[in-house]
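Asker: My questions concern the predicted model and sequence given below.
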Amino acid sequence: MIYDTLNHWKQYEYIHPGVTAGLAWLANTELSALADGRYEVDGDNVFVNVMSYTTLADNPTPERHEKFADIFYLLEGEELVGVCPREQLGDVVKADPAGDVWLHQGETVKLPLGKGRFAVLFPGDGHAPSIGPNGPAPARKCVVKVRL
């Protein structure tokens, strides 16, 4: 997992070409002008979902992926993302291999998004997104999906 501000995105250029492409897109795009929807950076290898949603009071089922990394970047509102290492994920609650999503039981540590911060969650990293720090509220974010 990487947790940093977008001002430092270039220090992660060596990680993976798709991560670099996703972070560069976030850093060099006028994000406030984007409508909700999908934006392709590199076809199905790197793409961005811009979404408006209502945060949750809590998210007790952290997820993980096997084929994709997620890069979260909040555009509006407030959000916490719960994170944990794979070893701390509990039993699988629901599996969707075709969608590359496994939901687990498990405790997470909550990190704030917003104020220029991003999080890169690699395959196996447990993450529980969309938690409202003060309960449900409107929010908007970019989720960059990177095939690894």
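Answerer: Okay, I see it. Numbering: from 1, shown residues only.

Asker: From T61, how far out is the residue sitting furthest away from the middle of the chain?
Answerer: Ranking residues of the chain by C-alpha distance from their mean position (Cα atoms, centre = their mean) puts D91 at the top, at 21.6 Å. According to Cβ to Cβ, to the nearest Å, D91 stands 10 Å off from T61. Heads up, the C-betas are built off the backbone N, CA and C, glycines and all.

Asker: quick one, phi/psi of A33?
Answerer: phi -90, psi -10 (degrees, to the nearest 10).

Asker: T5 and L113 touch, don't they?
Answerer: No: using Cβ atoms under 8 Å, T5 is not in contact with L113, being 10.8 Å away.

Asker: more neighbours, those two?
Answerer: Using other Cβ atoms under 10 Å as the criterion, T5 and L113 rank with L113 on top: 24 against 10.

Asker: Check the offset of the helix or strand where the more buried one lies from the chain's centre.
Answerer: Using DSSP states H and E, L113 falls within strand 109-113. In terms of Cα atoms, centre = their mean, to the nearest Å, the centre of strand 109-113 is set 11 Å apart from its chain centre.

Asker: any idea of the angle the helix or strand following that strand forms with strand 109-113?
Answerer: Going down the chain from strand 109-113, the next helix or strand is strand 117-121, by DSSP H and E. Angle between the axes of strand 117-121 and strand 109-113 is 130 degrees (criterion: axes from the mean of the first three to the mean of the last three Cα atoms, to 10 degrees).
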